Structure formats: C-alpha cells, structure tokens
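Just a sequence and a predicted model for now, questions to come.
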Amino acid sequence: MYSVKCIECGKENSEESYNCECGGLLEVRINLDQVEIDFKLNGKDLSVWKYRSLLPVKIEPISLKEGGTPLYRLERLEKELGIRRIYVKHEGLNPSGSFKDRGMTVGVTKAIEFNRKAVACASTGNTSASMAMYAARAGLKAYVLLPAGKVALGKVAQALMHGAEVIGIKGNFDDALRIIREVCDRLRIYLLNSVNPFRLEGQKTIAYEIVDEIGVPDRVVLPVGNAGNISAIYKGFKEFLELQLIEWLPKMTGIQAERSAPVYKAFIEKKDNIEPVSNPETIATAIRIGNPVNAKKALKAIYESKGLAEIVSDDEIISAQKLLAKNGIGVEPASAASVAGLIKLAKAGMIESDEKVVCITTGNLLKDPETAIKVSGEPKIVEASVEKVMSLM
Ligand code: F0G
C-alpha cells in the first residue's frame, strides 16, 4: 500500500530509516492507484483520521482527536489588501496547540508499530510539547533536546508536565538536531523530528482539510523553520491532484524570519539547496533555525508550484500577531509570520487580486505568553475600589 523511497536516488529504504544511504531525504509513497478512498469531500467531520485511507499506518492510531481546525475569513484584510479571499487555518487549536499533533499522531503510532519503547526529538518547542503529549498517551518514554533559554515558556511547561525528559543544550536547534540524531542511532530510540517521513504524512492532512472545506486555494502561505510543513502540505495537494480530486496546485509560499532565512536566500539565488545560516535569530523562536533538514523538499515544493519565498522582520511579525489578535485569532509569533509575509507580498504587488489565499497559523498564542505580555504591556494595578477601577476605564 506504500513504500519509503529516497527523493534523490529513488531507492526503496526500510520503513525505520530516516535517511537514504546516499544521504537523500526519504518520502513515503502511497500507492495511489490501489487506494480505496472511503471519505467524502463534503466539508464535514474534518480530522486527520478522516483520511486514514491515505495514511501509512497498520494499527489503530494513537489519537487525541487532532486536526479539524477552523478556517476563518479575514474580510477586513481582504479589503485592505485588495485580495478576493484570505483565510486563516488556525492550527493552534490542535490538542497541544500546534500543527505538530497531526504529525505526532502518525509518528507515535509508527513507534508502537515498530515496537519502540522510547521516542526523542530536538525542538524549538512545539515538536517537543506535542511529542511529550502523544508519547504519554501511548505509554512511551520521551526525550527532548532544546536550545536552552530559547524556547517559549508554554512549550517547555507542556513537555515537562507530560513527563518527557527535557534536556537544554548550550547551542541552537541545529546543534540539538545533530546531537539527537546520533543519540537515536546509538540507543535505537525512535526519532520524531520531521526527517522522519511519517511525521509529514500526518501533516499533509492540512492540505486535505483545506480542499475538503473550500476546494483548492490559489495560494497557501506558511512559516518555514525546519521546512517540514511546507513539504508535507505540498505532498497532500499533489496526492489529491494525482487522485483527480483537485485540478491545480496552490502556489506554496514560505515565509522566514529575516535573520533565519536560508530557504529564502536559496530561492532568491534560484538554488535547489540551502547554505546554512550559522547564528539564526528571531523573536519567533519556533522558526529560529539556520539549517533546515527538509530544505530540498521545501524548495522543490516552492519551485514546482510556482510559489514564492519571503522574509519578514520581527516588527512585521509582531504587528501581524496583533492584527490577528484584533480579529479574534490568538497565535504565537512564528504563526503570524504567514500573515506578515502575505501583507508584505501583497503590498509589493506579488499577489493577484482574484486569488483565494490560505495562511496557516501554526501555533497558539498561549505557547509564548512572555512575548505576548512584552509586546502588549502589563496589566494596570490599582487599589481595590470602584472609583480607582473606573478612573482607568
Ligand atoms: N510554526 C511553528 C509554531 C513551529 O513550531 C514551527 C516549527 C514552524 C512554524 C515551522 O515548521 O519546521 O515544519 O518548517 N517548529 C519545530 C519545533 C522546529 O521544534 O517545534 P517547519
């Protein structure tokens, strides 16, 4: 029903490997001509497992009811930018508060299938929170490697509370990923970063849900960190195209923070791989990544779909976060990069006025309460009296 193949040399690999011998990234190939589609694209009962017939698992999944996230229209922004339709798919409303849950429900299920007792990841925060939650659900031991001092508070709290062994390293995410990959090899622990091709299988359901609810959009805009999600969503659309469930592919548009932007730089230079950035920095700590492992897949997605890459500053990220908040949508800074990028591209005339655009907001506002308070200001404190309170209103 599926196989795991190298995107470079095409060689079939074992289901349990993360890299081909040739060094290439792996991809799960679903045998689409043999799949019996058992779902209807009727906009109802959206969830990751609605699309189980296109997901590579053999056992009952470890699920916390992930997916089925809302799609909100931003009418005021449509008017302001002169774009026909702008939607936000709020992935921050998943069980652990980010899109990672879609990948983890599949990834942790595979860990059980492969009879592993422990899982691990390096993370800028959300992957670790999600993995800890799903590992707890499955009864697996979880090990998390974080860049010390650079992970938003809510995410660390989740990883700890769900019982993961949390280790901070004096280095950045890229260092943490290099180390955990080797540790996983040596100790036969199941690695759940997005080099694991099964993670991306879960995340591709973002594309399925969008089509299910509003049909195929013209463009999907999302933040890019380790570059897994843009690759996953593109794969989802491509599978639907091959299955003739849609008639075109949306332009995949990846947004990076300006000082953590290797994918953007490769795009501008028309290259098919990145040069790593050695000291990535941004207020959007979730995407503070200089050497994204899935860069090749992401660039392919952008080029093939005639999409774009763009960079945004920390100020642009925070104003987009506030704009979303004013529309009732609470997101963490990295998520706001999608909308910040759309605004920048639209103002530069790079978006057609008749486009139907979907921005993915990847994580919840509560993930990073410290930044939220820093940019919004502290509450005012007064004496406990009606007059004093009213004097502030
Ligand atoms: N948005 C948020 C909120 C994230 O947490 C991440 C990645 C991204 C966007 C970028 O997605 O890596 O697939 O390109 N967070 C990872 C983590 C790296 O460890 O939580 P990507």
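Perfect, thanks for sending it.

And the most centrally placed residue in the chain, which helix or strand is it part of?
Taking Cα atoms, centre = their mean, the centroid of the chain lies closest to Asn229, which sits 4.4 Å from it. Here Asn229 sits within helix 228-242, counting by DSSP states H and E.

quick check, that helix touching the ligand?
Yes - Helix 228-242 comes into contact with the ligand (Cβ under 6 Å from any ligand atom), by way of 228-229. Where C-beta positions appear, they are placed from N, C-alpha and C, glycine not excepted.

related to what we said a few turns ago, which residue is the nearest non-sequential neighbour of the residue nearest to the centre of the chain?
Take Asn229 and drop its neighbours on the chain: the residue closest to it by Cβ to Cβ, 6 or more residues apart in numbering is Gln203, 5.6 Å away.

From the ligand, how far out is the one you found?
7 Å (Cβ to the nearest ligand atom, to the nearest Å).

For that residue, give me its contacts.
99, 102-103, 194, 228-229, 232-233, 236 (Cβ atoms under 8 Å, 6 or more residues apart in numbering).

Can you list phi and psi of it for me?
Backbone torsions of Gln203, given as degrees, to the nearest 10, read phi -70, psi -20.

buried sites along stretch 176-191?
Neighbour counts over stretch 176-191 (16 or more other Cβ atoms under 10 Å) mark 176-177, 180-181, 183-184, 189-191 as buried.

Looking at the residues you listed, spot the one nearest Glu21.
Arg181 (15.5 Å; Cβ to Cβ).

from what I can see that closest one touches Tyr18, true?
Yes - applying Cβ atoms under 8 Å as the test, Arg181 and Tyr18 come out as touching, 7.5 Å apart.

Run the angle between whichever helix or strand Asp101 is part of and helix 228-242 for me.
According to DSSP H and E, Asp101 maps onto helix 100-113. Interaxial angle of helix 100-113 relative to helix 228-242 (axes from the mean of the first three to the mean of the last three Cα atoms, to 10 degrees): 80 degrees.

and after helix 100-113, which helix or strand comes next?
strand 118-122.

Does that following strand reach the ligand?
No - Strand 118-122 stays clear of the ligand (Cβ under 6 Å from any ligand atom), getting no nearer than 6.9 Å.

Kindly report the same for stretch 69-83.
No - for stretch 69-83, no contact with the ligand is found by Cβ under 6 Å from any ligand atom; the gap never falls below 13.2 Å.
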